[in-house]
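Trainee: sequence unknown, structure follows:
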């Protein structure tokens with residue numbers, strides 16, 4: 001990869017891409033781990049009506065984050 005030493009901007013962009021990919025991967029893993037208790041709670045409460053799997057619980061977490069997340073704007077909390 002001799003070209004990366006000749007073009008520092010390209011090297012920096014490649015490093016930034018690796019960092020972004022790592023952050024996305026770690027966020028996904030943490031999201032799946034945190035979705036497991038949601039799955040257990042949902043299946044305990046609504047198990048007789050409808051059961052969900054971990055991916056559905058993960059999607060439920062994302063949806064609730066969008067709908068009920070922190071709506072702070074302009075520096076106000």
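Mentor: On my side now, so go ahead. What you see is a predicted model; the values in this text were computed from it and never measured.
Trainee: Show me where this structure dips below the pLDDT cut-off.
Mentor: 1, 73-77 (pLDDT under 70).
Trainee: Go through it and flag its longest helix.
Mentor: Counting by DSSP state H, the longest helix found in the chain is helix 8-46.
Trainee: buried residues in it?
Mentor: By neighbour count, with 16 or more other C-beta atoms under 10 Å as the criterion, the buried positions of helix 8-46 are 35, 38-39, 42. Bear in mind the C-beta positions are built from the backbone N, C-alpha and C, glycine included.
Trainee: And for stretch 51-70?
Mentor: Residues of stretch 51-70 classed as buried by neighbour count (16+ other C-beta under 10 Å): 52, 57-58, 61.
Trainee: Distance to residue 29 and secondary structure for the residues you listed - can I get that in a markdown table?
Mentor: Shown next, in a markdown table, are the buried residues of stretch 51-70 (distance: C-beta to C-beta, whole Å; DSSP: H, G, I helix; E, B strand; the rest coil):
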| residue | distance to residue 29 | secondary structure |
| --- | --- | --- |
| 52 | 19 | coil |
| 57 | 15 | helix |
| 58 | 11 | helix |
| 61 | 13 | helix |
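Trainee: what's the closest non-adjacent residue to residue 3?
Mentor: Leaving aside its chain neighbours, residue 3 sits nearest to residue 10 (7.1 Å; criterion: C-beta to C-beta, 6 or more residues apart in numbering).
Trainee: for residue 42, same thing?
Mentor: In space, and not counting its chain neighbours, residue 42 is closest to residue 52: 5.4 Å by C-beta to C-beta, 6+ apart.
Trainee: Secondary structure class of residue 49, three-state.
Mentor: The three-state assignment at residue 49 reads coil, by DSSP: H, G, I helix; E, B strand; the rest coil.
Trainee: Could you report the distance from it to residue 13?
Mentor: According to C-beta to C-beta, to the nearest Å, residue 49 stands 50 Å off from residue 13.
Trainee: cool, and residue 67?
Mentor: As judged by C-beta to C-beta, residue 67 and residue 13 stand 35 Å apart.
Trainee: related to what we said a few turns ago, can you spell out which helices and strands pack onto the longest helix of the chain?
Mentor: If you count contacts as 3 or more C-beta pairs under 8 Å, 6 or more residues apart in numbering; DSSP states H and E, helix 8-46 packs onto helix 2-6, helix 54-68.
Trainee: Good, we can wrap up now.
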